[in-house]
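Novice: can't give you the sequence, but here's the structure:
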């Protein structure tokens, strides 16, 4: 799939379309976002309409930086679409007029099986850093209804930029961001109460969003820490590490020594964020 820019009119609008060649959709049935407008100075639009080849030979804007969610991974569950911030920086000798950002996954933007999401806004909010450089802010939305499990991982961040004299530059891989499947973790300690020196059994379950089914399913064969926090203190101490079962369940035992809170804690992976269960208080007598 290729994002191609074409001049729609001399009224100041540039139509940016996500076009697929030769198929309209990738193998998984998804396609990029639909047409999106990028602002362009009227003089630039007139020049493009009159002589695209000549304009294309001129200096193009240079895209230098792109950041999604402040550099932190983006996390999506199973129900609600999640919107995240995005900022893109570009430079040109005449200054920067507008930027349109997007995120995508695939071998290349030319690949019909790539999938991408354009920014939400019609125009970005741009702030001049200098006479030649601007940083533009926008947002991008990840909808779990449009995601599949294999989307979790590294996404590329690209953008178009238009200069104050109407030149258009594009860079489809300025930086990267990480998309993760939201995770949940539970813990239940017993028996309640427990005699000091006796065995405490802690059960729980580690699950994460399954975008293929729209549900939360067990995250299997993952190392999870059993932790304890003594009543009256604020710090958890790791007691041992256990591995989640083939269904994501957890079960282990320890010795009761004092009143306090038991929990499981998962460090996370590249596709799944870290998560800690709420502490379960156990009275020791």
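Specialist: On my side now, so go ahead. The model shown is predicted, which means the values in this text are computed figures rather than measured ones.

Novice: where are the low-confidence patches of the stretch 1-150 of the chain?
Specialist: Applying pLDDT under 70 to the stretch 1-150 of the chain flags the ranges 1-29, 33-38, 42-57.

Novice: contacting residues for residue 60?
Specialist: By CB atoms under 8 Å, 6 or more residues apart in numbering, residue 60 lies in contact with 92, 163, 167, 168, 169. For the C-beta atoms, the positions are set from N, CA and C on the backbone; glycine is no exception.

Novice: redo those as TSV? Include distance to residue 253.
Specialist: Output for the contacts of residue 60, formatted as TSV (distance: CB to CB, whole Å):
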residue	distance to residue 253
92	65
163	66
167	68
168	64
169	61
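
Novice: which residues of the chain fall in helices?
Specialist: Assigned by DSSP state H, the chain shows helices spanning 42-50, 52-56.

Novice: for the nearest residue to residue 153 once chain neighbours are set aside, which residues are in contact?
Specialist: Nearest non-adjacent residue to residue 153, counting by CB to CB, 6 or more residues apart in numbering: residue 271, 5.5 Å away. Residue 271 is in contact with 152, 153, 179, 180, 181, counting by CB under 8 Å, 6+ apart.

Novice: same deal with residue 284?
Specialist: Contacts for residue 284 were tallied using CB under 8 Å, 6+ apart; they are 193, 194, 195, 196, 256, 257, 258, 259, 260.

Novice: ok, back up a step: what's the separation between the residue nearest to residue 153 and residue 226?
Specialist: Residue 271 sits 23 Å away from residue 226, going by CB to CB, to the nearest Å.

Novice: before we move on, back to that, quick check on the residue nearest to residue 153: phi, psi?
Specialist: phi -110, psi -10 (degrees, to the nearest 10).

Novice: just to revisit the earlier point, write a ChimeraX command that selects only the buried members of the contacts of residue 284.
Specialist: The buried residues among these can be selected in ChimeraX (16 or more other CB atoms under 10 Å) with this line:
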select :194,256,259,260
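
Novice: no more questions from me, cheers.
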